[in-house]
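Student: kindly return the folded structure for what I paste below:
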Amino acid sequence: MRVSRRVFIAVGAVWFGIAGLAPATASAFGTVNILGQRGEHERITRLALGCRAGQLHDGACFEAASLNNVAGTTGTFGAVGAADDIPLRLSGGPFYWHCDDADYLATPGYPQSRAKATETLNACRQWARDMLFDGRPDRTIGRTWPVQGAVATAGTLLNSSGNVDVTDPGTGFFSPSCTFDGTLGRAKCNVWEPFGYVLHATEDFYSHSNWADLSNPNQPITITNPPGLGHRDLPAYWDLRNASAALPDPRLATGCYPTSKCAGRITHDEGLNKDKELINVTTGFVSDPTTPRGQIADNAQRAVNDAIGEARRQWAILRFELVARYGPERGGKMICALTSDSANRSCNDATRARTVFAAIPAAFAQLASVLNGQQCIDDPNFSTTNGTKIQMWGCNGTAAQQFRFSSRDVQFTSTGTGHVQIAGKCLDAPGGAEGTRIQINDCNSTTAQQVTVTSAGQLQLRGMCVNANGDASNRAAVSLAPCRETSSQIWQFR
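Tutor: Residues are numbered from 1 along each chain as shown. Have a look, this model is predicted:
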């Protein structure tokens, strides 16, 4: 999201009186609920990283008060909104805070070359990578961004004995909200702030670019209707563990901003931006998109889905890098401290740190129902018999609930289309009618087994959605139903 200095001057006094914060213009995924924004960054980050009811706290999610500081809550921007805190950054911040200005259209005479657009996008990626790892020197006047990156700063979470410093109110019993202004403070705040910049840039990529969206099929391709790439996956480009990455699609573009400098170019506001939609903070479903690009097809939902998946990926990468740099015990303690509201002695349990918080997510995951967070999809008795109907059962982590998604780590990738496997078999819908029970069967290449996992948490199969019947209690059936905004069709990967 971008924040206008002009709007800041016009309404700043009113907004300061309301919440003591700065306003935001309607430019991209928003941080606050004012001037057309609907707290999109907050909602996306909550959906991606918040612990659900009944979810095991193992470092994959953030407990409530910690989540408030990362995602923001009433009256605060949160770490993810640090890039929009305009009183601290009257310049509005460099383009690479929001991945703007990487516009390109393959038409004769376009004002910006493909090479320049790629260079600009790479600058945004490098900024995010600096914030994730070791930071970037601050050579501007006044307070701007954190000098140290999240991985480097995490070392301050532990004391000289290698334990979480429970005397620091930022790591022990949770104290008042962090202030994200680029200055050093409490240990957790110092790590969350640069990570918030990572989340902001990578979430904005999907609102600002044509990676996942579609163009208007009734209009010619122009600077006001640029091509939509329609991708459903998360590009490897944003795996920030890699020092560099190739452009994932030669047609990729983000919008030029501000419009006043963008004559003849694809603009952020008129060409590509997909914001100002209402995001259901329970399901991730989008309603009432208001930008021109967001109103085409399901573009707003596509942007939100991928932003949720990307936020999950970036947290998984940060966890991975903490363990890689500091080792399983110290890294696990850091992950526990960052996600726990009260990082008491439990975070200093060396065995728990190594085996729970530092554990790289397994190549399998439980599929827990949002309808009832303690119930999971289950293969009865870990059956290998074709035609066995799957059911709901209390989450227990046994082999009967260990699913693989196309042999990849669903906790890490979050999205895509492929097989959902268990016991050497694949989930299978023998028919496409509503009420068809989901079963296991020998894996094959038919549409009966091609499951699309969305970042909103749906399992889509044969044009329908996998649904937990009734109250998802033990032995409840799992069947196909028309896709709709209901918790019985939203699944958590654990």
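
Student: ok, residue 447 - how many residues close by?
Tutor: By the criterion of other C-beta atoms under 10 Å, residue 447 has 11 neighbours. C-beta here means a position set from N, CA and C on the backbone, and glycine is covered the same way.

Student: apart from its chain neighbours, what residue comes closest to it?
Tutor: Using C-beta to C-beta, 6 or more residues apart in numbering and skipping the chain neighbours, the partner closest in space to residue 447 is residue 462 (6.1 Å).

Student: list the contacts of the one you found.
Tutor: The contact partners of residue 462, taken as C-beta atoms under 8 Å, 6 or more residues apart in numbering, are 429, 431-432, 436, 447-448, 480.

Student: and the next helix or strand past the helix or strand of the chain with the lowest mean pLDDT?
Tutor: Using mean pLDDT, DSSP states H and E, helix 5-19 stands out as the lowest-scoring helix or strand of the chain, at a mean of 26. Next along the chain after helix 5-19, taking DSSP states H and E as the criterion, comes helix 40-49.

Student: who touches the helix or strand that that following helix is followed by?
Tutor: Using DSSP H and E, the helix or strand that follows helix 40-49 in sequence is helix 64-71. The contact list for helix 64-71, computed with C-beta under 8 Å, 6+ apart, reads 41-43, 45-46, 49-51, 62, 76, 78-80, 174, 177-178, 188-189, 192, 195-196, 199, 338-341.

Student: recalculate using a threshold of 7 Å.
Tutor: 42, 45-46, 49-50, 62, 78-80, 174, 177-178, 192, 196, 339-341 (C-beta atoms under 7 Å, 6 or more residues apart in numbering).

Student: phi, psi of the spatially most central residue of the chain?
Tutor: What sits nearest the mean C-alpha location of the chain, by C-alpha atoms, centre = their mean, is residue 311, with 2.2 Å. Main-chain torsions, residue 311, degrees, to the nearest 10: phi -60, psi -40.

Student: one step back: any idea how far the residue nearest to residue 447 is from residue 46?
Tutor: Taking C-beta to C-beta, to the nearest Å as the measure, residue 462 falls 31 Å from residue 46.

Student: just checking, what packs against the helix or strand hosting residue 203?
Tutor: Using DSSP H and E, residue 203 maps to helix 187-208. For helix 187-208, the packing partners by 3 or more C-beta pairs under 7 Å, 6 or more residues apart in numbering; DSSP states H and E come out as helix 40-49, helix 64-71, helix 114-132, helix 150-153, helix 299-326, helix 328-339.

Student: redo that, cut-off 6 Å
Tutor: The contact analysis (3 or more C-beta pairs under 6 Å, 6 or more residues apart in numbering; DSSP states H and E) places helix 187-208 against helix 114-132, helix 150-153, helix 299-326.

Student: got JSON lines for these, with mean pLDDT too?
Tutor: Converted to JSON lines, these look like this (pLDDT from 0 to 100):
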{"stretch": "helix 114-132", "mean pLDDT": "95"}
{"stretch": "helix 150-153", "mean pLDDT": "96"}
{"stretch": "helix 299-326", "mean pLDDT": "90"}
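
Student: to residue 242, which of those helices lies closest?
Tutor: Evaluated with C-beta to C-beta, these place helix 114-132 nearest to residue 242, the distance being 8.7 Å.
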